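# sequence and computational prediction follow.
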Amino acid sequence: MRYHEIMLETAVPLPRWFFHATPQHKLSLIRQHGLTPSDESHPGQAAAVYLTHQMSLAQHYAEMNFGENDNQAWVILQIDASALDPARLKPDLGHETQMAMSDIVARGYTREQVLAGDFPWWISMAETGQLVYEGAIPPSAIRVAKTFS
């Protein structure tokens, strides 16, 4: 069975919200221009906005990426998923996908498909809690869910 057939048979609906952690100093630009794709945190991969459907996972990444001891304030943004184009949602191919490789393969994908990102975003979300959006997210779809300092 090919990827697109699997996707049509088992696709899941979008969650209502996605979350994204970012340093607080970026907030004024985000309020003006929204979230724009970047490869800053994952050089060599397609530019994207990294998302999760779990507030706790966004908080974990913020703590991990921005540190608890560097005195940098950060925010977790809540993104209205209805403002996103589902065709731009893709699996996150980072370290967590490598760690979940056997679980994704057990769903019927080959290792080569997983490494190439040839599996649906919702599998990435289910197995790793994260996915990417390869497009800009408008400011109107974004609100601050939590602020940390």
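Arrived safely, thanks for sending. Model, not experiment: these values are computed from the prediction. Numbering: from 1, shown residues only.
# contacts and neighbour counts: CA atoms only from here.
Noted.
# could you point out which residue ranges in the chain have low pLDDT?
1-11, 39-45, 66-71, 149 (pLDDT under 70).
# spatially central residue for it, please.
With distances taken as C-alpha atoms, centre = their mean, Leu51 lies nearest the centre of the chain, 2.3 Å away.
# element containing that residue?
Using DSSP states H and E, Leu51 maps to strand 49-52.
# can you check Val132 too?
Following DSSP H and E, one finds Val132 within strand 130-133.
# for that strand, which strands pair with it and how are they oriented?
According to DSSP bridges, strand 130-133 forms sheet pairs with strand 49-52 (antiparallel), strand 89-91 (antiparallel).
# what does the last one contact?
Which is strand 89-91. Outside strand 89-91, the residues that touch it by C-alpha atoms under 8 Å, 6 or more residues apart in numbering are 117, 119-125, 130-134.
# and if you look at the longest one?
Residues external to strand 49-52 that are found in contact with it (C-alpha under 8 Å, 6+ apart): 18-20, 35-38, 58, 92, 125, 129-136.
# for Pro120, grab the count of nearby residues.
Pro120: 21 surrounding residues under other C-alpha atoms under 10 Å.
# just Met101 next, same as before
With neighbours defined by other C-alpha under 10 Å, the count for Met101 comes to 17.
# can you check Met125 too?
Applying other C-alpha under 10 Å, we find 20 residues neighbouring Met125.
# excluding sequence neighbours, find me the nearest residue to it.
Among residues not flanking Met125 along the chain, Leu131 sits closest, at 5.7 Å (C-alpha to C-alpha, 6 or more residues apart in numbering).
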